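Visitor: 3D, please:
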Amino acid sequence: MTATASAMSYAVEAYNVSHASENKIHDDTIAKKLGFTGGLVPGVEVYAYATHLAVAQWGRTWLERGALECRFQKPVYDGNQATALGLLADGVIDFKVESVGELCSTGRASVPRESPPLPAITDFAVATPPELDARPPASSESLPKGKVLGIRPFVLSEDVWRTYLVDVRERHPLYAAERLGHPGQLLRQCNSVLRENVALPPWIHTGSKVQNYSAAQVGDVIAARAIVLDNYERKGHRLVDLDVLLVANGTRVLSRVLHTAIYQLRHLG
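Guide: Reported below is the predicted structural model:
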């Protein structure tokens with residue numbers, strides 16, 4: 001018998017964390033030239049807003065073994081209200097994120113009845129990214145199917161942790177009470193896989209499918225080990241799919257992510 005659905009809502013004032021990023025899709029001037037209203041709030045932060053619903057429902061359990069998949073349809077802009085609206089039924093939250101009357105993201109979050117099998121860290125090889133000035137241009141040749149990628153270790157320091165919670169306007173007390181890393185901050189490392197390995201024109205994160213295995217803690221040294229699953233064209237854009245394993249301190253799996261991005265917009269082809 002289907003349980004009665006329960007509505008959920010969470011609103012924040014969106015903030016463009018990456019306004020000074022190398023990715024000029026977040027720059028007002030460049031984004032407007034590409035037909036947008038202004039610099040885009042990163043998809044990882046829109047994801048961060050949506051995760052509030054999951055943590056509000058399941059707490060630390062979701063951070064340790066929950067799942068969330070999301071797709072991004074329309075941009076969220078700096079200073080506008082973003083509202084995550086969820087409908088909880090049968091242990092699943094179907095959600096959408098809206099801003100100024102636009103549907104910006106859709107997805108679903110859940111906690112599996114049984115803990116998912118833990119990926120083997122050894123199945124993901126360690127790779128060191130090139131020096132920034134030695135990165136090849138993003139292309140089907142530099143991001144071929146099967147290529148192994150990595151990032152420079154990311155330290156979840158006290159300052160970095162606190163700043164991110166402020167930047168995404170996170171109000172759930174769990175993070176401060178237990179000094180836990182925010183899932184949006186982890187997903188940013190999947191973007192780093194691209195940014196640190198290839199030189200990119202303005203590009204867009206289009207969606208992610210995340211399975212959590214443990215919660216990040218302040219002080220963790222976080223690495224991303226990734227494999228290119230596919231590199232393809234769709235509607236004139238060039239896209240890449242990454243299989244990313246996020247690991248803390250070289251020994252503990254945090255999350256596994258299927259991460260998709262447009263690395264060459266058709267406008268710039």
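
Visitor: Can you name the residues bridging to the residue nearest to residue 4 when sequence neighbours are not counted?
Guide: Sequence neighbours aside, residue 89 is the residue nearest to residue 4 in space, at 7.6 Å (criterion: C-beta to C-beta, 6 or more residues apart in numbering). No exception for glycine: its C-beta is placed from N, CA and C like everyone else's. Beta bridges link residue 89 to residue 92, judged by DSSP bridges.

Visitor: Burial check on residue 89, number of neighbours?
Guide: For residue 89, the neighbour count with other C-beta atoms under 10 Å is 13.

Visitor: what residues are up against the residue lying closest to residue 78 once chain neighbours are set aside?
Guide: Of all residues not flanking residue 78 in the chain, residue 16 sits nearest, at 3.9 Å (C-beta to C-beta, 6+ apart). By C-beta atoms under 8 Å, 6 or more residues apart in numbering, the residues touching residue 16 are 26, 39, 40, 41, 42, 77, 78.

Visitor: Residue 261 versus residue 16, what's the distance?
Guide: Separation of residue 16 from residue 261 (C-beta to C-beta, to the nearest Å) stands at 18 Å.

Visitor: which SSE is residue 50 in?
Guide: Applying DSSP states H and E as the criterion places residue 50 in helix 43-58.

Visitor: And residue 82, by the same measure?
Guide: Secondary structure assignment for residue 82, by DSSP H and E: strand 81-89.

Visitor: that's a strand at residue 169, yeah?
Guide: No: using DSSP: H, G, I helix; E, B strand; the rest coil, the assignment for residue 169 is coil, not a strand.

Visitor: so which helix or strand takes in the closest residue to it other than its chain neighbours?
Guide: Setting aside the residues directly before and after it, residue 169 is nearest to residue 12 in space (C-beta to C-beta, 6+ apart), at 4.2 Å. Take DSSP H and E as the rule and residue 12 turns out to sit in strand 6-13.

Visitor: Identify all contacting residues around that strand.
Guide: Against strand 6-13 from outside (C-beta under 8 Å, 6+ apart): 49, 52-53, 56-57, 79-89, 93, 95, 168-169.
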